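Trainee: What follows is a predicted structure for the sequence shown.
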Amino acid sequence: MNVHDLALHTDKYQINMMYAHWFHGTENNRAVFEAFFRKRPFKNGFAVFAGLQRIVDYLSSLRFSEETLAYLAEQEENYDPKFLDALREFRFTGDLYCVKEGTIVFPNEPLIRVEARIFEAQLIETAVLNFMNYQTLIATKAARIKQVAPDDILLEFGTRRAQEADAAVWGARSAYIAGFHATSNVRAGMLFDIPAKGTHAHSWVQDHDSELESFERFAEALPNTVTLLVDTYDTLKSGVPNAIKVAKHMESQGKRMGGIRLDSGDLAYLSKQARQMLDEAGLPYVKIVASNDLDEHTILHLKSEGARIDTWGVGTQLITASDQPSLGGVYKLVAREQGGAYIPTIKISGNPEKITTPGFKTVYRIINRATGKAEADYIALTTETDVRNGDRIKLFDPVHTYIHKFVTDYEAQDLLQPIFVNGELLYELPTLGQIRDYHEEQKQLFWPEYLRLLNPELYPVDLSQEVWDMKMRLIHEHHQATDDKN
Ligand SMILES: Nc1ncnc2c1ncn2[C@@H]1O[C@H](COP(=O)(O)OP(=O)(O)OP(=O)(O)O)[C@@H](O)[C@H]1O
Ligand SMILES: O=P(O)(O)OC[C@H]1O[C@H](OP(=O)(O)OP(=O)(O)O)[C@H](O)[C@@H]1O
Ligand SMILES: O=C(O)c1cccnc1
């Protein structure tokens, strides 16, 4: 079995629904789905979209091998063998529109739109959400960490604690998009062209007769990058003095030590003391790296305590998004084909937050030309032309609809880019460096009030009047139908 084959990386119910469509001859009916999330992760003001590269890889190579078909035949007695022939022919032939990786995004707006045969659109839900939910979550967590240490070096150290191997490498990539500088995972480094960096473990020190000897030998072997871990025995009495001895010896050979790493104890106090000792020894260029269960809150505290830390190694808390382990993104049917045209669909729920917004839509970022800042995201049907023409539009709060304003002097950026059209990949994936730069630029588009870490202002995500009216009409029709039955 090939563990990299993702054709069956889906929930069984998707294949059962595909079968039921095939059984009834409706598998070629077209459908439109949208992926979005409902709640701001970590109560952050925004999320950072990531996952598109993996979605592209997945859809480009999505095929059912003979091995997977044999497994399905054996596994489910209801499946007619001719259904397996249909799966054998399976290719993604639909359209996929998506926001670019690195884009700052908000709840309740479409991030991905899939228009395809229901047979195809249904199958891919699980994998598409799997990729989007995890990678967007980690990129967002990384963005929060970046926000508290915008001018420092950030190293991603999470692999050993990640939820398995895929999470480690795709998480490292997500962190890099949001502004981390390097990862400790060498495979992620090679796969995605991320700088791979590292210091050494306590075991290196324990594996020698003395700490000093261990430092000397490590520095001899890796003189150009060496960062020494100084907390194995006693940070200030032994680790830092020994590191200073080695750094001075390196200087006498015309070399420069990179840094020291603190990995336990009071990082604020120790970093201040270590800085002073290094400076007094004439080693102001030796950087201080800190690690040990760090996250944005600890880093913020340490900075407010005056910690002298140049580089932060962040592992567990980032790679597991420990304070919120899932983004909760969903993939919902918004339109289906009937008689050769699309009709909008809605999901009504007992929980008003879970009512979906119907229709074949896109989302525009409305940028005020006078300020250059984003005013709101505006969800409209793809058939609506006023935004595209730059006509005056009304922005109104979707809950308190009387709160509104008109905008005229704006640029509207369609956030959903064509990635696949009729199954053909049109999108040229940017390099990871370009994605990272694009994310950095994105931050300039927003007023800082929307981006701040604590209690951010809520950025408006509004519906066009047409979308709003369509949603209200469908809710009303469903209620009417239920009332008529009772
Ligand atoms: N000055 C500080 N202010 C706030 N938090 C700190 C400070 N110094 C360290 N921390 C954080 O406190 C937590 C616990 O640190 P602690 O000193 O207990 O680690 P430790 O137990 O010494 O190390 P180890 O992981 O080796 O057991 C860590 O998350 C660390 O990042
Ligand atoms: O704390 P994190 O943010 O996850 O960063 C990665 C941690 O991994 C290493 O520790 P190790 O695996 O040796 O375990 P320990 O420090 O918890 O003893 C390193 O020394 C960091 O402390
Ligand atoms: O290079 C390091 O210092 C490192 C790498 C992974 C985990 N902890 C530390």
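Mentor: Noted; the coordinates are in hand. Ligands and ions are numbered 1, 2, ... in the order given.
Trainee: Tell me what residue 288 is bridged to.
Mentor: Bridge pairing for residue 288 (DSSP bridges) gives the partners residue 260.
Trainee: count of residues packed around whichever residue of the chain sits closest to ligand 2?
Mentor: Distances between the chain and ligand 2 by Cβ to the nearest ligand atom are smallest at residue 315, namely 2.6 Å. Any C-beta I mention is one placed from the backbone N, CA and C, and that applies to glycine too. Using other Cβ atoms under 10 Å, residue 315 has 21 other residues around it.
Trainee: Domain ranges for this structure, per the record?
Mentor: Split into domains by the TED database, the chain comes to 12-139+325-484, 149-320.
Trainee: Output stretch 245-261 as CSV, restricted to C-alpha atoms.
Mentor: Output in CSV follows, covering the C-alpha atoms of stretch 245-261 (Å, rounded to 0.1, in the frame of the first residue of the first chain):
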residue,chain,number,x,y,z
LYS,A,245,35.8,30.7,27.1
VAL,A,246,35.0,29.0,23.8
ALA,A,247,33.9,32.2,22.1
LYS,A,248,37.2,33.9,23.1
HIS,A,249,39.2,31.0,21.9
MET,A,250,37.3,31.2,18.6
GLU,A,251,38.0,34.9,18.4
SER,A,252,41.8,34.1,18.7
GLN,A,253,41.3,32.0,15.6
GLY,A,254,39.5,34.7,13.7
LYS,A,255,36.1,33.0,14.2
ARG,A,256,32.8,34.2,15.8
MET,A,257,30.4,32.2,17.9
GLY,A,258,26.7,32.5,16.7
GLY,A,259,24.9,32.3,20.0
ILE,A,260,24.0,30.6,23.2
ARG,A,261,20.6,29.0,24.0
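Trainee: for the record, mean pLDDT for that stretch?
Mentor: When pLDDT is averaged along stretch 245-261, the result is 97.
Trainee: Check stretch 453-470 too.
Mentor: Taken as a whole, stretch 453-470 carries a mean pLDDT of 97.
Trainee: tell me which residues of it are tucked away?
Mentor: 453, 456, 459, 460, 461, 462, 463, 464, 467, 468, 470 (16 or more other Cβ atoms under 10 Å).
Trainee: Equivalent analysis for stretch 437-450, please.
Mentor: For stretch 437-450, a neighbour-count test (16+ other Cβ under 10 Å) marks 439, 442, 443, 445, 446, 450 as buried.
Trainee: what would the residues you listed look like in TSV with distance to ligand 2?
Mentor: Listed next are those as TSV, based on distance: Cβ to the nearest ligand atom, whole Å:
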residue	distance to ligand 2
439	22
442	27
443	24
445	31
446	29
450	28
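Trainee: Which of those fall in helices?
Mentor: Those of the buried residues of stretch 437-450 mapping onto helices are 439, 442, 443, 450, per DSSP state H.
Trainee: Pick out whichever of the residues you listed sits closest to ligand 3.
Mentor: Ligand 3 lies nearest to residue 439 out of those, by Cβ to the nearest ligand atom, at 24.1 Å.
Trainee: where does the nearest residue to that closest one once chain neighbours are set aside fall, helix, sheet strand or coil?
Mentor: Nearest residue to residue 439, sequence neighbours excluded (Cβ to Cβ, 6 or more residues apart in numbering): residue 102, at 3.4 Å. Three-state call for residue 102 (DSSP: H, G, I helix; E, B strand; the rest coil): coil.
Trainee: Now do residue 102: how many residues are near it, please.
Mentor: By the criterion of other Cβ under 10 Å, residue 102 has 27 neighbours.
Trainee: separation between residue 300 and ligand 3?
Mentor: As judged by Cβ to the nearest ligand atom, to the nearest Å, residue 300 and ligand 3 stand 21 Å apart.
Trainee: scratch that, residue 45
Mentor: 30 Å.
Trainee: residues in contact with the residue nearest to that residue when sequence neighbours are not counted?
Mentor: Nearest residue to residue 45 in three dimensions, chain neighbours excluded: residue 456, at 3.1 Å (Cβ to Cβ, 6+ apart). By Cβ atoms under 8 Å, 6 or more residues apart in numbering, residue 456 lies in contact with 44, 45, 46, 449, 450.
Trainee: How about residue 410?
Mentor: Applying Cβ under 8 Å, 6+ apart, the residues near residue 410 are 366, 367, 368, 369, 375, 390, 393.
Trainee: so can I have TSV of those showing distance to ligand 3?
Mentor: Shown next, in TSV, are those (distance: Cβ to the nearest ligand atom, whole Å):
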residue	distance to ligand 3
366	43
367	41
368	44
369	47
375	43
390	51
393	50
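Trainee: Mark which of the residues you listed are part of strands, please.
Mentor: The members of the contacts of residue 410 that map onto strands under DSSP state E are 366, 367, 368, 375, 393.
Trainee: Could you find the residue nearest the spatial middle of the chain?
Mentor: Most central in the chain under Cα atoms, centre = their mean is residue 136, positioned 1.8 Å from the mean C-alpha point.
Trainee: So for the helix or strand containing it, mean pLDDT?
Mentor: Element membership for residue 136, per DSSP states H and E: helix 125-148. Mean pLDDT, helix 125-148: 98.
Trainee: Next: stretch 175-195.
Mentor: For stretch 175-195, mean pLDDT is 98.
Trainee: Surely residue 403 touches residue 396?
Mentor: Yes: if you go by Cβ atoms under 8 Å, residue 403 and residue 396 touch, sitting 6.5 Å apart.
Trainee: Determine which member of these two has the greater number of neighbouring residues.
Mentor: residue 396 (19 against 11).
Trainee: what's near enough to touch the closest residue in space to the more buried one that isn't next to it in sequence?
Mentor: Leaving aside its sequence neighbours, residue 396 sits nearest to residue 404 (Cβ to Cβ, 6+ apart; 3.7 Å). Under the criterion of Cβ under 8 Å, 6+ apart, the neighbours of residue 404 are 394, 395, 396, 397.
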